[in-house]
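J.: Okay, predicted coordinates and the sequence, questions at the end:
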Amino acid sequence: MSERVAARRRRARAEILDAAWKLAEHDGLVSLTLRGLAAEVGMRAPSLYSYFDGKAAIYDAMFAQGYRALDAQLTDLVGRMDVDPPDDREAWLVAGVRAWLTFCQASLPRYQLMFTRVVPGWSPAPDAYAASVDSFTRMRRWLASAAITDDRDVDLWTALVAGLAAQQIANEPGGTRWVDLTERAVAMFLHAVESRGTP
């Protein structure tokens, strides 16, 4: 395949994914149909199979794209932070949680696809799932920079921040009620970690 053909294919796939997100934002993830998606991009439904093997493959691509966007946002945050975790790990963790919650609130369909099982019968294929594994590995490195390395502490951390996001999105999607608990939640987490002798 020539570079020009490959570039055209990449552009078409990107356009299809943009349209899929647009439709998901408007109608919900589970309402996504190949017919509706094809109409949105000016194709016939069978033409989509030239770019994706089916609807599950589109969900896979959206899932991986979501994790790449999350990693880019958090990498940008770390690059802009004016504290180092050894100097003020609480501020470091609070900033990370707030950035993650902002990401989750920005798109309900993206949050649902990445962090819940809202699409019946779909789970990410291994290639797509690898994006979430890579993201989790980066999160562990980020926590390790704040001396959070014990598996139990990492599990507690993920349960805590996922709970904040789930409560906020379920009960006050555009608000800040649970986001505003970030500082308290991080302080509680660090107290729990430190009270059992973990650094």
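T.: On my side now, so go ahead.
J.: Other residues contacting stretch 23-31?
T.: The contact list for stretch 23-31 (Cβ atoms under 8 Å, 6 or more residues apart in numbering) reads 32, 36-37, 40, 59, 62, 107-109, 112-113, 118-120. C-beta here means a position set from N, CA and C on the backbone, and glycine is covered the same way.
J.: Residue 167 against residue 178, yeah?
T.: Yes: Residue 167 lies in contact with residue 178 (Cβ atoms under 8 Å); the separation is 4.5 Å.
J.: more crowded one of those two?
T.: residue 178 (19 against 14; other Cβ atoms under 10 Å).
J.: if I look at the closest residue to that one other than its chain neighbours, how far off is residue 20?
T.: In space, and not counting its chain neighbours, residue 178 is closest to residue 168: 3.9 Å by Cβ to Cβ, 6 or more residues apart in numbering. As judged by Cβ to Cβ, to the nearest Å, residue 168 and residue 20 stand 25 Å apart.
J.: try residue 114
T.: Noted for residue 114: a distance of 14 Å to residue 20, by Cβ to Cβ.
J.: Looking at those two, which one has more neighbours?
T.: residue 20 (26 against 22).
J.: Contacts only, for that one.
T.: Counted by Cβ under 8 Å, 6+ apart, residue 20 has contacts 32, 37, 58, 62.
J.: What residues of the helix or strand hosting it count as buried?
T.: Here residue 20, judged by DSSP states H and E, is contained in helix 3-27. By neighbour count on 16 or more other Cβ atoms under 10 Å, the buried set for helix 3-27 is 12, 16-17, 19-21, 23-24.
J.: cool, stretch 87-102 as well?
T.: Quick answer for stretch 87-102 (16+ other Cβ under 10 Å): 89, 91-101.
J.: sorry, back to before: closest one to residue 144 out of the contacts of stretch 23-31, please.
T.: Nearest to residue 144, judged by Cβ to Cβ, of the contacts of stretch 23-31 is residue 113 at 27.6 Å.
J.: ok now do that closest one, which residues does it touch?
T.: Per Cβ under 8 Å, 6+ apart, neighbours of residue 113: 24, 29, 59, 62-63, 66, 119.
J.: now residue 102
T.: 73, 179.
J.: how close does residue 181 get to residue 188?
T.: Applying Cβ to Cβ to residue 181 and residue 188 gives a distance of 9 Å.
J.: Those two - which one has more neighbours?
T.: Remark: of residue 181 and residue 188, residue 181 carries more neighbours, 17 against 13, as counted by other Cβ under 10 Å.
J.: Next, that one: secondary structure please.
T.: Three-state assignment for residue 181 (DSSP: H, G, I helix; E, B strand; the rest coil): helix.
J.: Help me confirm that it comes into contact with residue 161.
T.: No: contact criterion Cβ under 8 Å: residue 181 and residue 161 do not qualify, at 10.8 Å.
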